[in-house]
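[1] Provided below are the primary sequence and the corresponding predicted coordinates.
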Amino acid sequence: MLGEIIGGLSRGKDMKGSLLRAALAQYESNAITARANLELYLMRPTAVAEHPDIVSEVAKLIQEITESEENIRTLEQMLSQVGTEQ
């Protein structure tokens, strides 16, 4: 994967696609991490004793998931457009 990204950086359209795919991977990772943390809060709130305001933390995680998913949709649209450029 890293080789594909690095190799793609030397070519115009491929460079765009590589950068967009890297951003997509970052947002996918953010969403997965936020979901895992949210699940921990919901299933075992006592496991996160350092956060006295769990409701605010849950709201923050939901916002992170929503923003990441919105960015994922946008990047997927952009990638499909890059794929159709000539």
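    Yep, it's here.

[2] quick one: low-confidence ranges for this structure?
    Scanning the chain with the threshold set as pLDDT under 70 gives 1-13, 47-49, 51, 86.

[3] give me the most central residue, it.
    Relative to the mean C-alpha position of the chain, the nearest C-alpha, by CA atoms, centre = their mean, is the one of Tyr27, at 1.2 Å.

[4] check which helices and strands whichever strand or helix holds it sits against.
    Assignment of secondary structure by DSSP states H and E places Tyr27 within helix 12-43. Based on contacts counted as 3 or more CB pairs under 8 Å, 6 or more residues apart in numbering; DSSP states H and E, the elements that helix 12-43 packs against are helix 2-8, helix 54-84. Heads up, the C-betas are built off the backbone N, CA and C, glycines and all.

[5] out of those helices, deepest packed?
    Each of the helices and strands packed on helix 12-43 was scored by mean neighbour count; the highest is helix 54-84, a mean of 14, by mean count of other CB atoms under 10 Å.

[6] what angle separates it from helix 12-43?
    160 degrees (axes from the mean of the first three to the mean of the last three CA atoms, to 10 degrees).

[7] nearest to Leu20, of the helices and strands packed on helix 12-43?
    Put simply, out of the helices and strands packed on helix 12-43 the one that sits nearest Leu20 is helix 54-84, at 5.2 Å, with distance taken as CB to CB.

[8] what helices and strands are in contact with that closest one?
    Using 3+ CB pairs under 8 Å, 6+ apart, helix 54-84 sits against helix 12-43.

[9] now do the helix it packs on: distance to the chain's middle.
    Its chain's C-alpha centre lies 2 Å from the corresponding centre of helix 12-43 when counted by CA atoms, centre = their mean, to the nearest Å.
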